[in-house]
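Asker: Mind looking at a prediction? Sequence and model below.
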Amino acid sequence: MTTILSAPPARPGAPPHARRRRRREIHGWAYATPSALLVGVFFVVPVLLVVRMSLSDWGLFAGDRGWNAPENFTDAVDDRLFWPAVGFTVKYTLVTTVILLGLALGLALVVQESNRWTGFLRTSILVPSALGLASASLLFYALYSPQSGLFGEVSFLGTPTRALWSTVALIVWRFAGFYMVLLLVGLQAIPGEVYEAARLDGANRLQTFRHVTLPLIRPSLALCTILCVTGSMLAFDQFYILTKGGPDNSTITVVQLIYNAAFAGRNNLGLAAALSIILLGALLVLNLAQFRWLRSKED
Amino acid sequence: MRKRTYRIYRRAVATVAALGLVAGPAACSSGPDDTASAGPATAEGTDDGAQLSLWTRAPLELQAKALVTAYNASHKNQVSLTIVPNDDYVAKVGAAAGSGDLPDLFAADIVYVPNWTKAGLFADLTDRIKLLPYADKINQGHLAAGTYENKQYVLPFVLDLSVIFYNKKLYQEAGLDPEKGPATLDEFKQQALAVQKLGKPGVHGTYFGGNCGGCNVFTWFPMVWASGAEVMNAEGTTSLLDGPAAQKVYSTWRELQDGGAIAPGSKDETGATWVAAFQEGKIGVMPYPATLLKTASKTVDVGVVPIPGATGGASTFVGGDGIGVSKDSKKADQAWNFLSWLTSEAAQVDVLAANDSTVARTDLADNKYAAKDPRVATINKVAASPQSKTPFAVNFQQAFNAPGSPWVTLLRNQVYGDAGALAKDNAAVTDVLGQ
């Protein structure tokens, strides 16, 4: 995303000298080419390949066996686990986003004022973000295990509800600090004068928060929402390690479905590609909607 | 700020990765044109100092390392071993198969072999295997699994058998005979309940992979076979897991669950740690991989008996990995040299048997190591029992081993859920097998 935006914007009112303009154009291309190449090689080409796979009968071992559109897409939607996986992914995304952002905002408000403890607090909340998600998942796997865990013979992953909340707890622990920092940056960008004005107008703490703080950190909040929603829609590692989609297929996410279609016996890359395209489409629509919403609010 | 940009970049990468996951193997796909062609085949192959690559999965690490070390020490050819985590193995082989980058030699879970030979991942070994003087003594289950359209592609690499392990110390404390493991399913249940009754904190009667299809294929199928029944039809297209023998297996486990004798971790056990609790001395008796006898004996005084059926019998799942020369190997003759050595007495007895592993040749079952440890003799003996089998089905992984497979649904319903769903659950297994 950022790579596309990093090309320098054309400056209006450039001098009408044709040669200089050409020079400028060449400069522009020179700046944009590395990013464009990266995007092309690592995004556009793979996506085109996946599109082609999704339209072909493509086995993991057998390779391309010719076109079969739209069979992969109908198979994907007809899969017995497709709608449960979509439902669970949406549910997980909602739960995670609400809890994570609410908590991160609370933490940011707590640690934004400086006293002797804030340095310690900020660091300890941020430290889990330095751990890879897979390592964090393994850590929690051991923690939740009735054999090796700290909590004795309590089943953390035994029922669908417990498995969901145990995973959410892991994600909150892992990401709360990161979103806290993002929001903290937004909070600290608010000039003190605004708060002073609010105080002079007689606003209480709650009013200040609702009518001053919230509107002014909206861009940070929007960024966090987009990151959190996208990340949750692509959830894989944590469930792959903690639950393998169990118990009773209750925690299968869409990306796990993709993985299973490709590598867990069906060995059907065409079907996996079709699922990937569906997910990509859903993410595009969702991100567009979120950007729209953000922009309309800004206007 | 830099961190934020980095994160956005990370997310973008994650999006691409979700796609790249499936795009990877396609990027450089080539047909299986350059299949390694067999030259003038000899029984020993060529030992000319070639570098050979070999892939296997992590559960067989101990045996694979011992074999490769012994081969490298005694041959000019040098094998470099790559060990891949169990869950990533199919993905890795699939990606390499698509791009024509398979190693010279690679092992495969024997239950996946029918699918992989059908996909043409292995080079034809029929003429070479014929040259081995002991060809008819090699484990028949593995050879049959590696035969597709009358051509042989695979030899046994490491046999992994399932047997009953029990903790002699806990048996003694529970007033059971430490020299006598269960001989029927009911005895298995009673002995597990007796250990549970000790009421020791953290100690339980038994354990199983409650959310792991592969674990229970490995441990429950033999209980059905030992009862004189079958789990599938001969073609591997219809599930017979709703018969009376299978039902006896399910009810045994359900009664153990109702009696509180199954460790609570079992219910969410995905297979990653299903052997751990026994090694920690916390489990009385459970079906267990025989390859881990040496490992488990370090911490526990292990007793070994064959897996029994409803009224006796003795069976094991002849699992483990088969190994073949890949379609992409340019050194088929050198790779065959390793396979030829692998099935020889030097490898089978001096490496595998010396490491308490089961030999893959019936004529070597009574060897000096088996004579030293009666438990190994027990394991070797049950491997040759007519009730011991290697199941055969092209869609085996999808029907049984895959996370969320219909078999996992079936067994969870039988132990924890609605036991009345058996007919429906069994039909779902058949649906996948018959695809």
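Answerer: Great, that's in hand.

Asker: residues touching the closest residue to B:Pro59 other than its chain neighbours, list them.
Answerer: With Cβ to Cβ, 6 or more residues apart in numbering or on different chains as the measure, B:Asn86 is the residue that lies nearest to B:Pro59, at 5.8 Å, once sequence neighbours are left out. Placement of C-beta: from N, CA and C, glycine included. Contact criterion Cβ atoms under 8 Å, 6 or more residues apart in numbering or on different chains gives B:57-59 as the residues in contact with B:Asn86.

Asker: From start to finish, how long is stretch A:40-60 in a straight line?
Answerer: For stretch A:40-60, the first-to-last residue distance is 25 Å (Cα to Cα, to the nearest Å).

Asker: Quick check: buried residues in that stretch?
Answerer: Buried residues in stretch A:40-60, defined by neighbour count with 16 or more other Cβ atoms under 10 Å in any protein chain shown: A:43, A:46-47, A:49-60.

Asker: B:Thr270 contacts A:Gly246, doesn't it?
Answerer: Yes. B:Thr270 lies in contact with A:Gly246 (Cβ atoms under 8 Å); the separation is 6.7 Å.

Asker: and B:Asp109, how many neighbours?
Answerer: The tally of other residues near B:Asp109 (other Cβ atoms under 10 Å in any protein chain shown) stands at 24.

Asker: Report the contact partners of it.
Answerer: Residues near B:Asp109 by Cβ under 8 Å, 6+ apart: B:57, B:89, B:319-321.

Asker: mind checking how far it is from B:Asp88?
Answerer: Relative to B:Asp88, B:Asp109 is positioned 13 Å away (criterion: Cβ to Cβ, to the nearest Å).

Asker: and what of A:Lys91?
Answerer: When Cβ to Cβ is the yardstick, A:Lys91 and B:Asp88 sit 28 Å from each other.

Asker: Equivalent analysis for B:Ile164, please.
Answerer: With the distance defined as Cβ to Cβ, B:Ile164 ends up 30 Å from B:Asp88.

Asker: And those two? Which one has more around it.
Answerer: The residue with more neighbours, out of B:Ile164 and B:Asp88, is B:Ile164; 26 against 12, by other Cβ under 10 Å.

Asker: right, and the helix or strand after the helix or strand the more buried one falls within?
Answerer: Assignment of secondary structure by DSSP states H and E places B:Ile164 within strand B:162-167. Counting by DSSP H and E, the next helix or strand C-terminal to strand B:162-167 is helix B:168-173.

Asker: What residues of that following helix count as buried?
Answerer: Applying a neighbour-count criterion of 16+ other Cβ under 10 Å, one finds B:168, B:170-171, B:173 buried in helix B:168-173.

Asker: who does it touch, helix- and strand-wise?
Answerer: If you count contacts as 3 or more Cβ pairs under 8 Å, 6 or more residues apart in numbering or on different chains; DSSP states H and E, helix B:168-173 packs onto helix B:185-197, strand B:302-305.

Asker: partners of the shortest one in the sheet?
Answerer: Strand B:302-305 pairs in its sheet with strand B:162-167 (antiparallel), by DSSP bridges.

Asker: pull the CA atoms of the strand it pairs with into CSV?
Answerer: In CSV, the C-alpha atoms belonging to strand B:162-167 read as follows (Å, rounded to 0.1, in the frame of the first residue of the first chain):
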residue,chain,number,x,y,z
SER,B,162,1.6,-49.5,17.4
VAL,B,163,1.7,-51.6,20.5
ILE,B,164,0.4,-51.2,24.1
PHE,B,165,2.8,-49.5,26.5
TYR,B,166,2.2,-49.7,30.2
ASN,B,167,4.0,-48.2,33.1
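
Asker: what's near enough to touch A:Ser56?
Answerer: When the contact criterion is Cβ under 8 Å, 6+ apart, the partners of A:Ser56 are A:64-69, A:72, A:270.

Asker: cutoff 10 Å now
Answerer: A:63-69, A:71-72, A:269-270, A:273-274, B:26 (Cβ atoms under 10 Å, 6 or more residues apart in numbering or on different chains).

Asker: List the buried residues in stretch A:133-140.
Answerer: When burial is assessed from 16+ other Cβ under 10 Å, stretch A:133-140 yields the following buried residues: A:133, A:136-140.

Asker: out of these, which touch chain B?
Answerer: With Cβ under 10 Å from any Cβ of the partner chain as the criterion, these include A:133, A:138 near chain B.

Asker: Columns pLDDT, secondary structure and distance to A:Gly87 on top of the buried residues of stretch A:133-140, output as a markdown table?
Answerer: A markdown table is the format used below for these (pLDDT from 0 to 100; DSSP: H, G, I helix; E, B strand; the rest coil; distance: Cβ to Cβ, whole Å):
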| residue | pLDDT | secondary structure | distance to A:Gly87 |
| --- | --- | --- | --- |
| A:Leu133 | 92 | helix | 23 |
| A:Ala136 | 93 | helix | 25 |
| A:Ser137 | 93 | helix | 22 |
| A:Leu138 | 91 | helix | 27 |
| A:Leu139 | 91 | helix | 28 |
| A:Phe140 | 92 | helix | 24 |
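
Asker: PyMOL command for the buried members of the contacts of B:Asn86?
Answerer: If you want just the buried ones from the contacts of B:Asn86 in PyMOL, going by 16+ other Cβ under 10 Å, the selection is:
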select buried, chain B and resi 57+59
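
Asker: Tell me the one of the contacts of B:Asn86 nearest chain A?
Answerer: Sorting those by distance to chain A puts B:Arg57 at the head of the list, at 13.5 Å, by Cβ to the nearest Cβ.

Asker: quick one: the closest residue to chain B within chain A and B:Ser239, what's the gap?
Answerer: The minimum distance from chain A to chain B, using Cβ to the nearest Cβ, falls at A:Gly265 (3.1 Å). For A:Gly265, the distance to B:Ser239 under the criterion Cβ to Cβ works out to 15 Å.

Asker: Of the two, which one has the most company?
Answerer: B:Ser239 (27 against 23).
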